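Undergrad: need coordinates for the below:
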Amino acid sequence: MEREFEPRAGSIADSHCHYDDGAFDGDRESLLDSLFAQPTSPVGLAVHAATDMRSSRFGIDTAARFENFYTSVGYHPENCDELRGRSMTSLMDDLEELLGLSDKIAAIGEVGLDYHYDGYDREFQKKLLCAQTEFAAAHSLPLIFHCRDATEDFLQILRRYRPRGVVHCFSGAPEVAEEIVSLGLYVGFTGLLTFKNAKKVKKSFEIVPIDRILLETDCPYMAPEPFRGRRCTSDMIRYTAAYGAQIKNILPQQLTDTAFENTKRLYQLEIRG
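TA: Below is the predicted model of the structure:
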């Protein structure tokens, strides 16, 4: 793996990050400043993936501070238990209110299905996913999708709605990636791509067209090799890009630049890369 790749300043797009996570409590402000307020930083664009109302407000506040930082608003499926007593109408009304607070809301998300734990209410998850998908369409916004251990139900909903968006942190089989692309969606890849045992992910990356690839950290998670197990930050995408470029047989900067343009296209952003 090429580890000496130094991306051009401002050329990395982190299409999915979580800087509200507790892992950043000790140095959040200085880290955000180093990544998003310094002209020499390799990171030129980041999109915060919200998971609930608090997280959505964090994204809105942070996007107001940094020119190249954008956010989503939405409800993650893991948070369904705390939402079950409310109607879909009231939940969408809250998202509607958030949309009025910022012109830097680039997507609805992080939405999806997560069946990893038996206690999760699957029917409520599906209803919430459908409601947010319809909400996004009504506002001409793309979606940031999460799917864990729920592939068939998730694909059925994608087939029904044909939404615009990205399936983030992809870890599935190549045939699933192929269908996602055929439905017009983008596929997001994290540092998982660099893990030695991630054979399915490598094969999926190989078959996804380069114009449908987004690079992301899902930070603070999924740090690429050689930082696996440590806290991830947006600048570490350089390692994922170097590894992915070898799979695609292209230069790392070409992959980084293409992923940047793909991110702008999906989120309809008019910024320089």
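Undergrad: which residues sit in contact with E123?
TA: With contacts defined as CB atoms under 8 Å, 6 or more residues apart in numbering, E123 has no neighbours. C-betas here are computed from N, CA, C, even on glycine.
Undergrad: tell me which element it falls in.
TA: Using DSSP states H and E, E123 maps to helix 122-138.
Undergrad: just the residues contacting the helix or strand that that helix is followed by, thanks.
TA: Reading on from helix 122-138 to the C-terminus, the next helix or strand found by DSSP H and E is strand 143-148. With CB under 8 Å, 6+ apart as the test, strand 143-148 has contacts from 16, 47, 49, 72, 74, 76-77, 107-116, 132-133, 136, 154, 158, 163-169, 172, 185.
Undergrad: could you do stretch 243-251 as well?
TA: Contact partners of stretch 243-251, identified using CB under 8 Å, 6+ apart, comprise 1-2, 5, 189, 193-194, 202, 205-206, 210, 213, 215, 224-225, 252, 254-255.
Undergrad: show only the entries of the residues you listed found in helices.
TA: Members of the contacts of stretch 243-251 lying in helices (criterion: DSSP state H): 202, 205-206, 252, 254-255.
Undergrad: all helices of the stretch 151-273 of the chain, in order?
TA: Here the stretch 151-273 of the chain has its helices, by DSSP state H, counting those that start in this stretch, at 151-161, 174-182, 199-207, 237-248, 252-267.
Undergrad: quick one, which of the ones you listed gets closest to R230.
TA: Nearest to R230 among the helices of the stretch 151-273 of the chain is helix 237-248; the distance by CB to CB comes to 11.8 Å.
Undergrad: pull out the buried residues from that closest one.
TA: 237-245, 248 (16 or more other CB atoms under 10 Å).
Undergrad: how close does the closest residue to D257 other than its chain neighbours get to P224?
TA: Counting by CB to CB, 6 or more residues apart in numbering, the nearest residue to D257 once its immediate chain neighbours are dropped is S11, at 6.0 Å. As for S11, its distance to P224 is 17 Å (criterion: CB to CB, to the nearest Å).
Undergrad: the closest residue to I144 other than its chain neighbours - how many residues pack around it?
TA: Using CB to CB, 6+ apart and skipping the chain neighbours, the partner closest in space to I144 is G109 (2.8 Å). Close neighbours of G109, defined as other CB atoms under 10 Å, add up to 30.
Undergrad: pLDDT at the spatially closest residue to A23 that is not a sequence neighbour, what is it?
TA: Excluding its sequence neighbours, the residue lying closest to A23 (CB to CB, 6+ apart) is P220, at 3.8 Å. Per-residue confidence (pLDDT) for P220: 98.
Undergrad: surely P220 is in contact with G229?
TA: No. Counting by CB atoms under 8 Å, P220 stays clear of G229, with 11.2 Å between them.
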